[in-house]
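Q: I'll drop the sequence and a predicted model, then ask my questions.
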Amino acid sequence: MGTIIVALIVGAILGVLARWILPGKQNIGVIITVLLGAVGALLGSWISNALFETGDKMFSPIPFIIGLVVAIVLIAGYVAIAGRRGAPRA
């Protein structure tokens, strides 16, 4: 249960940072931001453990940085897909 709470907190931080880094306005809600950030955090931990064997350290900057990059990609992809869905056809 604690891992899920930590993932959501780190996910919220990563989601906000990713939206702040991305240029332009993203029309997505807080829940989607937290969920995509949490997915970025989990994937960042998994990728960093697979590539750099960071393991279960309390805090390491490598998973955080990788998670931020993954969150940026996920949010940019979501905005691109959701933006196309609501755009009028020419």
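A: Received it, and whenever you're ready, just let me know what you need. Residues are numbered from 1 along each chain as shown.
Q: so where's the protein uncertain?
A: Scanning the chain for pLDDT under 70 picks out 1-3, 56-58, 84-90.
Q: switch the cut-off to 50
A: Low-confidence segments of the chain (pLDDT under 50): none present.
Q: kindly indicate whether T54 is helix, strand or coil.
A: Recorded secondary structure, T54: coil (DSSP: H, G, I helix; E, B strand; the rest coil).
Q: same check on the one 5 residues further on?
A: At F59 the chain is in coil, as set by three-state DSSP.
Q: again with L43
A: L43 ends up helix, using three-state DSSP.
Q: which ones are touching it?
A: 66-67, 70 (CB atoms under 8 Å, 6 or more residues apart in numbering). Heads up, the C-betas are built off the backbone N, CA and C, glycines and all.
Q: what's the local residue count around P63?
A: Residues lying near P63 (other CB atoms under 10 Å) number 23.
Q: can you pull the contacts of it?
A: The neighbourhood of P63, defined by CB under 8 Å, 6+ apart, consists of 41, 44-45, 47-49, 54.
Q: what do you get for R19?
A: Per CB under 8 Å, 6+ apart, neighbours of R19: 26, 28, 33, 75.
Q: is the third one in contact with L14, as I believe?
A: No - between T33 and L14 there is no contact, the gap being 9.2 Å when judged by CB atoms under 8 Å.
Q: those two: which is more packed in?
A: A direct count of neighbours by other CB under 10 Å for T33 and L14 places L14 higher, at 29 against 21.
Q: grab the nearest non-local neighbour of that one.
A: Setting aside the residues directly before and after it, L14 is nearest to G37 in space (CB to CB, 6 or more residues apart in numbering), at 3.9 Å.
Q: I figured the one you found hits I13, correct?
A: Yes - using CB under 8 Å, G37 is in contact with I13, at 7.0 Å.
Q: these two - which one has more neighbours?
A: When G37 is set against I13 and neighbours are counted by other CB under 10 Å, the residue ahead is G37, at 30 against 17.
Q: check contacts around that one.
A: 10-16, 18, 67, 71.
Q: one more: I47?
A: 63, 66, 70.
Q: do you know how far it is from P63?
A: Distance of I47 to P63, given as CB to CB, to the nearest Å: 8 Å.
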